[in-house]
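**Q** Everything below, folded, please.
(chains A and B)
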Amino acid sequence: MKQRYSIFSLVRNALNYHADWQEAWRSPDPKPAYDVIIIGGGGHGLATAYYLAKEHGITNVAILEKGWIGGGNTGRNTTIVRSNYLWDESAHLYEHALKLWEGLSQDLNYNVMFSQRGIMNLAHTVHDMQALRRRVYAIQLNGIDSEILTPAQIKELVPMLDCSPNARYPIMGASFQRRGGTARHDAVAWGYARGADERGVDIIQNCEVTGFKIVNGTVQGVETTRGFIGAKKVGVVVAGHSGVIAGMAGFRLPLESHPLQALVSEPIKPILDTVVMSPQVHVYVSQSDKGELVLGAGIDAFNSYAQAGSPPIVENQLNALCDLFPAFSRLRMMRQWGGIVDTCPDASPIIGKTPVQNLFINCGWGTGGFKATPGSGNVFAHTIARGEPHPLAVPFALERFTTGYLIDEHGAAGVAH
Amino acid sequence: MTAQKNRLGQGGRIDRTKPLRFTFDGKIYYGYQGDTLASALLANGVTLVGRSFKYHRPRGILSAGAEEPNALIQLGLGDRTEPNLRATQIELYDGLVAESQNRWPSLTTDFGAANSVIQKFIPSGFYYKTFMWPAKAWMFYEKFIRQAAGLGKGPTEQDPDRYDKLYASCDLLIIGAGPSGLATALAAGRTGARVILVDEQQELGGSLLSERTAEIDGKAAADWVAAAVAELTAMPDVTLLSRTVAWAYYDHNSVSLMERVTDHLGPVAGANQPRQRLWRVRAKEVILATGAIERPLVYSDNDRPGCMLASAARTYANRYGSMRGQRAVIMTNNDGAYRTALDLTDAGVTVFAVVDLRSNPQGELVKAARAKGIEIIAGHAITGVKGKLAVTGVDVMPLTADGKGVTSASRHIHCDLVLSSGGWQPTVHLHSQTRAKVVWSDDIQAFVPGDKLPGQNNRSIGGAHGVFRLADCLAEGHAAGSEGAAKLGFGGQSGQAPTVSDEPAEEALLPVWIVPSDKPVGQGGKHFVDYQNDVTAADVMLAHREGYRSVEHLKRYTTMGMATDQGKTSNVNALAIMAGLRNVEIPSVGTTTFRPPYTPVTLGTFSGIDKGDFLDPIRKTAMHQWHEQHGAVFECVGQWHRPYYYPKPGESMHDAVNREVKAARTGVTIVDATTLGKIDIQGPDAAWFLNMVYTNAWTKLEPGRCRYGLMLGEDGMVFDDGVTSRISENHFHMTTTTGGAPRVMSWLEEWHQCEWPDKKVYFTSVTEQWSVMALNGPLSRKLLEELTTDIPLDDDSFPFMSFKDGHLAGVPVRIFRISFTGELAFEVNCKPSHALHIWRALMQAGEKYDITPYGTEAMHVLRAEKGFIIVGQETDGTITPYDLGMGWIMAKSKTDFLGRRSLTREDTKRPDRKHLVGLLTDNPNEVLLEGGQIVAHVKDKPPMDMIGHVTSSYYSPNCNRSIALALVKNGRNRMGETVYLPYEGKVIPARITEPKFFDLEGKRING
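**A** Predicted coordinates for the structure are as follows:
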């Protein structure tokens, strides 16, 4: 039984100089075999294991992570959570995630600091405004919160924005999702890890998968740097390296991996309360609880597995920032980094079965995976447990690239893919 | 008035003839030219300069450089204020205004220090364990957490300063102008190599500027530096950049620098210059001579104001003539700190004792200190620091035999300065940014650069390389310079390597990662590891206990190394403590990845002058000036500014657009269509290529004729459209949408270069080589006839979808007979330099026909009346030609074209996909909102099933009613059905019709 986290346990432990806190998760040696192996200890993989144990009673589960949990895109993103998607299929999936976010800290007994401070998408042209209305009306008719703001309303919510009509790309309006916001990314990984561990899941770090054992088209287990581990079912949740893992299992995925960069400023006192995104001028920004401005933009144009990007992308995004927020040019960049995002041709994820029996895949989240973490894990757990896709995951099957049932969300990403 | 109570009577590199006045927290002080804010504050006896991030602990100045975690300052006022600047790097200027940060109401009385009282309850990661009840309350708690966090305040007004950006290249880029870097620059510069030497400080010289006794080539260190700088300055191909930090090392030897151009002059002095400048330097070889950073020892209450790095005190005394009257105790695990003891003593500062963690230090420096009468307390540790707002004394206790504990006999020493040295960590940041590894050196107990990566041509030397003896640094520098230059083909003489007379030998350091105290760690005073973020040794232990043991988990859980100093003084100590807890070697805990920037970089430097109108180029046509003069309202279309409509005095947009639209169907109108993308395609395989990228067939198109084409993506979805004309057998002129021009150009090139490189075909963007104006309306032919003598305009000679070359208004033109309105129309193409002339001639000759210029809105209405699509409006990347009802454009004869295969997919050939249809509202004056969603059945409230959306919607004065185009599921089989548009609190009914509203028979095309 895990210790409960609360103000009371905190006070109680303080009296003993915090000497009695348990490990948030164990670090066991791998067993010879498991019912389910999840490859990839990022947020999505950890959430998958958590929901497998919690909702489907499958606890003989291992998560294999080649590095340290939460060390990929989970720990590198700009922490934005929203469900303002255009198409019904996506809207339902991301809204499923958003609803889970709304109770996640309590569910996990781990404060993931989900902060619903609102997400604003700026429109700068007549065409932007048309697209924005189309999106907002669709979101509203899907029963999800979304509204259109006038420049005056925008200025009131974000006084630092340059809303003057003389701007290079004047702000004509914005869509606003009040329930959107940010969360503490590392806490999501750790909270799911702790919850999964409590329910019996083995989290095995520094264990890299090097191959699959597949007999008669059915997966039997995985080869790893710590030896062979048997499994009745295997779920692959490895984001940027999905293509590499799929290659080991003998099939291909319609994915491209690109670097995506982010950066933070030095911490300053609160100056920006909402998340502001501008697809046209190409930057998005929020302020973390520590006070840093957290900034993102578009992916690097080239394909790469290097977790670093090229300088022009950062230059463009900071040009955009300083133009939208003329006072920000005196602030300073404190840290810059990159992650690898796996993008599908239609900018929507792949969730479901693969050509290999009992091998399941969850990938292709592109630049937008963090926000989906709880929903992704939840529907993927269902998919693995039942052997059939969760109803919300059905449209996201790999087969859509042969049937042509694409879910083109290029416009929904905060950035161009 | 200008008394500086802790200023030494003599010495230092400050200019005592130039006193400078400054304020700190409103109080007036004086320093000298050459001071940093930190040295000036110390000279004035100011020890308390800031508060820590979490516990609001009182803090003083720890270091003398970029690694400073404590002394963060809010500099300047109003629109020029800047948060979080390190006092150790702020050059003093007259009138400087500095404020401490993160305290209220004052630095000495800070209510935030209440956190210090409850610190027991808020260890690392406490926030993950609480603030979860009640469920919705996080936003409430968060508000207070946000207010408490954040250090300094950002400016809230427009930045008044300018920034600049430039690109440079060189043979050798030398980063760091200490002894190693200077020796490199001299050796390389003498050969004639192009050298850029950068240093973050105001003066070149690095650690030599803090030397009191060292001699090079028989000169005092400072004199040698002066001679070296003079020699380098005289070299024409050597660029010296002081006040310039190399902050990032990207792929292929691309290094980013930030130069502080006018910061040291104060807020107004540099009005004619940029404040700061970003350099992107591409170097053939990069020499990393970035030196090393001293590690503080982790001892109990090591953060009291007055606790400082040993080397920093030496710098303040030697370089800045500060520290007078101070009474110091030094704790060390190595010989280096004895230099501080000796120099301070020579400068007249009292050094009570050196507490050496080693049991029997016998190095030459130790002996020298002993000879000077400095008490050396070997085998002891400082176990506590007294004083809250300033150090008042230390407790010293003997270490147990294993060095892990102390025995009880305590001795108290009164002092106001506690100096510590835990050894030196080479500044490997830039090396690591190249993604090369760092490796652990047992000799110096620090990380040193590992092998460099291929493609990154660099070399770490001197302190950055773990080489600390001056003679060795100079020798390495000289070798790097002469070898680097020779490798690049510079054969000149690099001169003699600088020499140093005998340096004292030093004994090995003793690694002590936590200095023990009389109480267990975490139960007595606080052993700070990361000062700024208040991470203690106990926090590292907690992280270990809770399983956050990988270096990245440790960092993220405790926030160690994530403050503005990015862990320059804390990372190695934290790693070593974690290694001890895990009982593994330090390197197996790993290192965190060093990411840019080395020190924080001003965001404004990235944009330089690329802001406002220069953010993105504004593209204007050759007729732009005319449009402006005639009152056009402009619309942003991509980078272009296009006339949206031309209101006459008193006209609303609605009035103006209606007038323009009507004129196109009754008289003659003119529109500037220059922005259309234009691509010149030539080569024997040009027709073959067009067959592949367009859905229809191009082989049989005759020279002189034009054809409309549709391009699909590989997914079979409409990608772009336009009219392409055959100029001659192997020469085509393609037009694209305005916004799609660059995308189409890259698309063609990608297919040519990647898939069909054997095809002989060449693409040239000619968008800006042709200006285009289109005449539309029944009178357009009549008007043209007046201005040309060599182009026959009758239907037989010049049929629809053909073009002619000739002259108009006396200048050469190419006229296309194509129409985006369904009217008789001619598109005049000409050289941009002739465009305004032709436009004016047409306007003049057309006056009698009441020629009407129209903008993009009228253009949209006119084409919508005819049901012509706009790619990006009627399409969104999910629409096939069949969805648009354009099956007629799909060549049956061709075996292949891009997107063809995808159209055979199950979902793509479904008969009930979304189709382009027309929508007519019941109320003819109700203009639907573009983007409006369509439902078949209205419910009381969402969710409702959507069947499509409005893609285009206008009031059509020619139809005397509103018209709309829409994409609706199975729309072609719903003709006549009524659908509903619920938005903005209302529900609008509309009827589905054919997507064409005017001139249904298409008779008007010939006038």
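**Q** Report how many residues lie close to the residue in the stretch 151-300 of chain A positioned nearest to chain B.
**A** Going by CB to the nearest CB, chain B is nearest to residue A:291 of the stretch 151-300 of chain A, at 2.9 Å. (Glycine included, C-beta is placed from N, CA and C.) Neighbour count of residue A:291, defined by other CB atoms under 10 Å in any protein chain shown: 27.
**Q** Can you give me every residue that contacts it?
**A** A:267-270, B:146, B:149-151 (CB atoms under 8 Å, 6 or more residues apart in numbering or on different chains).
**Q** give me the element it is part of.
**A** Applying DSSP states H and E as the criterion places residue A:291 outside every helix and strand.
**Q** again, but for the one 4 residues further on
**A** Using DSSP H and E, residue A:295 falls within strand A:293-299.
**Q** And for that strand, what's in contact with it?
**A** A:77-79, A:182, A:258-265, A:268, A:272, A:282-288, A:313-314, A:316-318, A:320-321, A:328, A:331, A:341, A:343, A:367, A:414-417.
**Q** Let's see that with 7 Å instead.
**A** Contact partners of strand A:293-299, identified using CB atoms under 7 Å, 6 or more residues apart in numbering or on different chains, comprise A:78-79, A:258-260, A:262-265, A:272, A:282-288, A:313, A:316-317, A:321, A:331, A:341, A:367, A:415-417.
**Q** so who does residue 275 touch?
**A** No chain specified, so I'll use chain A. Contacts of residue A:275 by CB under 7 Å, 6+ apart are A:80, A:117-120, A:180-182, A:284, A:286.
**Q** actually chain B
**A** So residue B:275 contacts B:161-163, B:261-263 (CB under 7 Å, 6+ apart).
**Q** Write the PyMOL selection for whichever of the contacts of residue A:291 are buried.
**A** Selection of buried members from the contacts of residue A:291 for PyMOL, criterion 16 or more other CB atoms under 10 Å in any protein chain shown:
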select buried, (chain A and resi 267+268+269) or (chain B and resi 146+149+150+151)
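**Q** Reformat the contacts of residue A:275 as CSV; add pLDDT.
**A** Converted to CSV, those look like this (pLDDT from 0 to 100):
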residue, pLDDT
A:80, 97
A:117, 96
A:118, 98
A:119, 97
A:120, 97
A:180, 97
A:181, 97
A:182, 97
A:284, 94
A:286, 97
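**Q** For residue B:231, state which of the residues you listed is nearest.
**A** residue A:284 (50.3 Å; CB to CB).
**Q** So which residues of the stretch 301-417 of chain A form strands?
**A** Ranges of strands in the stretch 301-417 of chain A, per DSSP state E, counting those that start in this stretch, are A:332-343, A:350-353, A:359-363.
**Q** If we go by neighbour counts, what in the longest one is buried?
**A** Residues of strand A:332-343 classed as buried by neighbour count (16+ other CB under 10 Å): A:332-343.
**Q** So residue B:972: helix, strand or coil?
**A** helix (DSSP: H, G, I helix; E, B strand; the rest coil).
**Q** Compute the distance between it and residue B:966, please.
**A** 12 Å (CB to CB, to the nearest Å).
**Q** If you count surrounding residues, which of the two has more?
**A** Neighbours per residue (other CB under 10 Å) separate residue B:972 from residue B:966, with residue B:966 holding more: 30 against 18.
**Q** buried residues in the helix or strand hosting the more buried one?
**A** Here residue B:966 is covered by strand B:961-969, with elements defined by DSSP H and E. Buried residues in strand B:961-969, counting neighbours by 16+ other CB under 10 Å, are found at B:961-969.
**Q** what do you get for stretch B:701-709?
**A** B:701, B:706-709.
**Q** Which ones among the residues you listed map onto strands?
**A** Within the buried residues of stretch B:701-709, residues falling in strands by DSSP state E are B:706-709.
**Q** Report the contact partners of residue A:140.
**A** Residue A:140 touches A:146, B:942, counting by CB under 7 Å, 6+ apart.
**Q** How far away from the center of its chain is the host helix or strand of it?
**A** Element membership of residue A:140 [criterion: DSSP H and E] is helix A:126-141. Distance of helix A:126-141 from the chain centroid (CA atoms, centre = their mean, to the nearest Å) equals 24 Å.
**Q** right, and the helix or strand after it?
**A** Following helix A:126-141 toward the C-terminus (DSSP H and E): strand A:147-149.
**Q** then the next helix or strand after that next one to CSV, C-alphas only?
**A** Next in sequence after strand A:147-149, counting helices and strands by DSSP H and E, comes helix A:151-157. Provided in CSV are the C-alpha atoms of helix A:151-157 (Å, rounded to 0.1, in the frame of the first residue of the first chain):
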residue,chain,number,x,y,z
PRO,A,151,-9.5,42.4,-30.1
ALA,A,152,-10.8,44.4,-27.1
GLN,A,153,-11.5,41.2,-25.2
ILE,A,154,-8.1,39.9,-26.1
LYS,A,155,-6.4,43.0,-24.9
GLU,A,156,-8.2,42.8,-21.6
LEU,A,157,-7.1,39.2,-21.0
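**Q** Show the secondary-structure elements that the next helix or strand after helix A:151-157 is packed against.
**A** Where DSSP H and E defines the elements, the next helix or strand beyond helix A:151-157 is strand A:173-177. Using 3 or more CB pairs under 7 Å, 6 or more residues apart in numbering or on different chains; DSSP states H and E, the elements in contact with strand A:173-177 are strand A:119-123, helix A:126-141, strand A:147-149.
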